[in-house]
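Colleague: Okay, sequence plus prediction incoming.
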Amino acid sequence: MSNIDCAISTPSDPPFILNDLVKRIQNAIPLDQTIPFWNILWKKHMMSAEGERLRSQKAAIIEYAASCSSLSPDEIHFSSACELLFDLVLILAQGSEQDWYDRLSIFQLMAFKKYFAHFNIALKACDGEVEGHESAASDEHELLDCSDLSDLTESEPEYSGPQSIILIKFRNFNTFLKDTFLSNKSAQELKMSIPTYQPKGPRQKPLETACYPTAHEAINLLRLELAHYLKVIKELQESTSSQIRTIIRISELPSTIAQITNPQSLVAYTTESKFSFRAQIYQQTALFHQLGTILNKWTPLEVRESWSQNAPNKIEYLPSGLGNLMLPTGAAAFFKLLAQKPILPLKAFPFVVLFLIGGESNFDFWWSHSIAPALDYFGYKIESNPPKGLFSKLIGYLKPQSAMSKIEKDGLTESTLAYTPHGLIMAKILKNSVEYFKFEHEVSSYMKKFHIPHPEDAGNMSLIDYYNNCAICCTKPLDERCTTVLQVQFLNQLELEKRFPGLIHGGVTSVPDPVQIGVGTMYDYKDLQRHKVCKDQQKIACCGQHRWIITTGDPTHPRQKEDKVEMVLFDAFSDSCLKRMIVNFNHSTEVAALQRQGRVGGDMIPFGTRVPKGGAPGDGLRPFEGINATTISGVDEFFAQAENAMAYDKVAKYLDPDLYHEIQRRTMDSEKLGRIGGTVYSCHNYMAIQHLENTDACRSFCSQLELVRNHQYEMAFVYSQMGYWIETESNTFWTFDASLVHGTMLPAEKTAAQMRTRTRLRDGQPAGGGGDVPVSNGQHKPTRETDNRRAAEHVRNQRERKQRDAYWNIAE
């Protein structure tokens, strides 16, 4: 231990004023102290249960800690004093004078080195909010953060001072990872030492007879405990010194991480149901990325740069070479193998369910990421790359019009595969893939009649000529063409607020009695004098579409870099495509709608991958809660969302090829983790005040699939900073930048009430009988820089895995 200048007192009882609290602590000390993490859990539950008493004795607790350690009360944080009190009571009951000295020495050292954080979620009881043993329904950003005092009481002869603490932290994390991911224990066996406190909430007390967690609660506890350890490790000071690397290697953490992040580890988990909880934790915490990032933190920069330069351009899996079984060569036989064996890690990486769509690059990604490791695990002879021609055989089997007949003939339907371990899911994947390819062909055929501009021509042609690509009207006068060009004046936020005070976070409406959703200022749309963008039925009758090009630049000249250009397309999809997209939109989901803090009415339900806004250490790029590829309904939802996302891409490539290719570039790695690319938001009865997202948002695409309203212009899209508004109709598609002020025209209160209580049925018929009821359904497909960056980090971590393991002297 480092030399401490302050004197440490001899063992002394707490003052009489704390007598009642001390007795409660003594009575709660567990009899069995051999259970891992008993110290953390005992203190966590006691601090939650005794929150009020701890707060009421705050001054006395801090004074006692100061008297024992000879520190000033001003130097002691309340949460650390509470932890010290619990430990000293335990030492007085069971420990020795040396234990007393060691604990107070560490307490002083930590105070001097400022290792203590200024908040502790496990001690919210001390800071005004009591929290107990929460169930799995807790907020996804909330992390269990218990100060692991066992980290600070062990002694390590090899090191002294802070280094011993760092080594113990790494060893404890390593022990947790080995127990959770490499042992032979189920989630409940790992957490059977944790009695449940009832009732949940501020007045909880331990039950006289222990009630142990359910499997669901045990998994959630493990996830939260993992988040705690990640937080502890990531808060350690970054260093690339050889001494720190020696400490990490002594802890054996790199070897454990190598075993857990080995692609074959997930296959082992799925072979026995008791281990399936590990795959669930993988998905919820983006564990591959988290563990790779930990080792990167203590790797010298020049070493990491060499990894980046020498790593393969794509994820590669190097087979063990031990397999001797021959891989089936035919498509039907290959699909039957996937039905027999747990080849697809649907629980850990649910987007693998889309491995057959999205092109050969997507198939190659999932081959190296999941399929090849699983085949190698089950003894098949494979190579790094898929067998030559395999993808073509699989797609050739599914794309023809007769595909379902072949599937039935080869026994790949749900009824014939029902008795195989993974047959029902595999049969659903095949059936939905066939339907996906049919729909893709239908959308592509419809879009072929529209010429898609080539981005390379943009610099040589005026904006008007660049988009004059309709074969029917391209030779007609400008005002008779199906493309309308509008030049607008852009207003920055200061100019907008000066001209229209209160418009930002205010409302725009066309009705006298608009709904109120947190609106301070309300504007009539006429007072804003914004340009109106609307559908011309004559143009649609002539050419089948009506497109608007809105620009802040001169449309008679080539598009300049500083020009802002947005697009609107009316009648974007054929009638049959639109009908199918509405059915897909209305597919049932387990994903919860976002909470938009009073700025937005209606539901906005996400589907895809994203980094939670909390940015907590346990967070990573992962699917939204509720996305599930292990059920028939879950697989159907994946393909429903993928079909709509594909249709949007087809239209986007025609409407604004520059933006389409830019989004493709930005989401290159996001696409690898989910073929719908980032996130698709399904907006049901969406209405919003004039607002803007943070600067993390990028230009993106939006659609109005169907719209029924009581009054003209209700639910219209208002793009205040760009100086126009869109009279949206069913089957409208447009671009916009969410970082600019935008929203909708707020509907009448009566309309909003009808929207909240009545919806249209999936077959398109109105609910409740009678005529149409107000309904507004559409989807938004944005991209966030945060998600794109994290996706790139995920892919890079996977590409560099072999080099990282080799550097940390890990024998494969």
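Modeller: Sure, I can see it.
Colleague: contacts, neighbours, all on C-alpha from now
Modeller: Noted.
Colleague: Just checking, which helix or strand of this structure averages the lowest pLDDT?
Modeller: Lowest on mean pLDDT, DSSP states H and E among the helices and strands of the chain sits helix 150-153, with a mean of 32.
Colleague: May I ask you to confirm that residue 573 belongs to a helix?
Modeller: No. Secondary structure of residue 573 (DSSP: H, G, I helix; E, B strand; the rest coil): coil, not part of a helix.
Colleague: residues contacting the nearest residue to it once chain neighbours are set aside?
Modeller: Ranked by CA to CA, 6 or more residues apart in numbering and with sequence neighbours excluded, the top spatial neighbour of residue 573 is residue 731, at 6.6 Å. By CA atoms under 8 Å, 6 or more residues apart in numbering, the contact set of residue 731 is 570-573, 578, 703-706.
Colleague: And for residue 60?
Modeller: 15, 17-18.
Colleague: ok, 10 Å please
Modeller: 14-18, 54, 66, 81 (CA atoms under 10 Å, 6 or more residues apart in numbering).
Colleague: helix, strand or coil for residue 701?
Modeller: strand.
Colleague: is it true that it touches residue 781?
Modeller: Yes. In this structure, residue 701 is within contact of residue 781 by CA atoms under 10 Å, at 5.6 Å.
Colleague: what about the stretch 551-700 of the chain, any weak spots by pLDDT?
Modeller: Residue ranges of the stretch 551-700 of the chain with pLDDT under 70: 596-599, 612-620, 669-678, 695-696.
Colleague: For it, which segments count as strands?
Modeller: Here the stretch 551-700 of the chain has its strands, by DSSP state E, counting those that start in this stretch, at 565-570, 600-610, 622-623, 679-688, 699-708.
Colleague: highest average neighbour count across these?
Modeller: Of all these, strand 622-623 has the most neighbours on average by mean count of other CA atoms under 10 Å, namely a mean of 26.
Colleague: what sits up against that one?
Modeller: With CA under 10 Å, 6+ apart, strand 622-623 has contacts from 282-287, 348-351, 606-612, 673-674, 678-679, 787, 790-791.
Colleague: Let me see the ranges of the helices in the stretch 501-650 of the chain.
Modeller: Taking DSSP state H, counting those that start in this stretch, the helices of the stretch 501-650 of the chain run over residues 525-528, 537-543, 575-585, 632-655.
Colleague: Specify the angle between the last one and helix 575-585 in degrees.
Modeller: Note on geometry: by axes from the mean of the first three to the mean of the last three CA atoms, to 10 degrees, helix 632-655 and helix 575-585 are set 140 degrees apart in direction.
Colleague: CA atoms only for helix 632-655, dumped as CSV, please.
Modeller: Written as CSV, here are the backbone C-alpha positions of helix 632-655 (Å, rounded to 0.1, in the frame of the first residue of the first chain):
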residue,chain,number,x,y,z
ILE,A,632,-42.7,-16.7,-36.7
SER,A,633,-44.2,-13.3,-36.1
GLY,A,634,-40.8,-11.7,-35.5
VAL,A,635,-39.4,-13.1,-38.9
ASP,A,636,-42.5,-11.8,-40.7
GLU,A,637,-41.9,-8.3,-39.2
PHE,A,638,-38.3,-8.4,-40.4
PHE,A,639,-39.3,-9.0,-43.9
ALA,A,640,-42.2,-6.6,-43.8
GLN,A,641,-39.8,-3.8,-42.8
ALA,A,642,-37.2,-4.9,-45.3
GLU,A,643,-39.6,-4.9,-48.2
ASN,A,644,-40.7,-1.3,-47.4
ALA,A,645,-37.1,-0.2,-46.9
MET,A,646,-36.2,-1.7,-50.3
ALA,A,647,-39.1,0.1,-52.0
TYR,A,648,-37.9,3.4,-50.5
ASP,A,649,-34.4,2.8,-51.8
LYS,A,650,-35.6,2.1,-55.3
VAL,A,651,-37.6,5.3,-55.4
ALA,A,652,-34.9,7.3,-53.6
LYS,A,653,-32.4,6.3,-56.2
TYR,A,654,-34.7,7.8,-58.9
LEU,A,655,-35.8,10.8,-56.9
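Colleague: Now residue 421: closest residue in space, sequence neighbours ignored.
Modeller: That would be residue 340: by CA to CA, 6+ apart, it lies 5.7 Å from residue 421.
Colleague: Quick one: neighbours of the one you found, just the number.
Modeller: For residue 340, the neighbour count with other CA atoms under 10 Å is 15.
Colleague: residue contacts, it?
Modeller: With CA under 10 Å, 6+ apart, residue 340 has these contacts: 417, 419-423, 426.
Colleague: Farthest pair within the residues you listed?
Modeller: 419 and 426 (11.9 Å; CA to CA).
Colleague: Give me the common contacts of these two.
Modeller: Joint contacts of residue 419 and residue 426 (CA under 10 Å, 6+ apart) are 339-340.
Colleague: So which of those two has more stuff around it?
Modeller: Set residue 419 next to residue 426 and count neighbours by other CA under 10 Å: residue 426 wins out with 27 against 12.
Colleague: residues touching that one, list them.
Modeller: Applying CA under 10 Å, 6+ apart to residue 426 gives the contacts 335-340, 344, 353, 412-414, 417-418, 420, 432, 632, 635.
Colleague: What subset of these is buried?
Modeller: The neighbour count (16 or more other CA atoms under 10 Å) marks 335-339, 344, 353, 412-414, 417-418, 420, 432, 635 as buried among the contacts of residue 426.
Colleague: Can you tell me which of these is closest to residue 665?
Modeller: Nearest to residue 665 among the buried ones among the contacts of residue 426 is residue 353, at 23.1 Å by CA to CA.
Colleague: Could you verify my assumption that the closest one touches residue 639?
Modeller: Yes. Using CA under 10 Å, residue 353 is in contact with residue 639, at 8.8 Å.
Colleague: Go through the contacts of residue 731 and say which is closest to residue 96.
Modeller: Among the contacts of residue 731, residue 703 lies closest to residue 96 (CA to CA), at 70.5 Å.
Colleague: Tell me how many other residues crowd residue 474.
Modeller: Neighbour tally, residue 474, other CA under 10 Å: 16.
Colleague: Apart from its chain neighbours, what residue comes closest to it?
Modeller: residue 468 (5.7 Å).
Colleague: Buried ones in stretch 778-796, by neighbour count?
Modeller: Those would be 778-784, 787-796, for stretch 778-796 by 16+ other CA under 10 Å.
Colleague: With pLDDT as new columns, can the contacts of residue 340 be given to me in JSON lines?
Modeller: JSON lines is the format used below for those (pLDDT from 0 to 100):
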{"residue": "417", "pLDDT": "91"}
{"residue": "419", "pLDDT": "87"}
{"residue": "420", "pLDDT": "89"}
{"residue": "421", "pLDDT": "89"}
{"residue": "422", "pLDDT": "91"}
{"residue": "423", "pLDDT": "92"}
{"residue": "426", "pLDDT": "96"}
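Colleague: can you tell me which of the residues you listed are in helices?
Modeller: 417, 423, 426 (DSSP state H).
Colleague: Make CSV from these and add distance to residue 277 to it.
Modeller: Output for the ones in helices among the contacts of residue 340, formatted as CSV (distance: CA to CA, whole Å):
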residue, distance to residue 277
417, 26
423, 21
426, 22
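Colleague: Identify, from those residues, the entry nearest to residue 513.
Modeller: Closest to residue 513, out of all of the ones in helices among the contacts of residue 340 and judged by CA to CA, is residue 426, at 52.7 Å.
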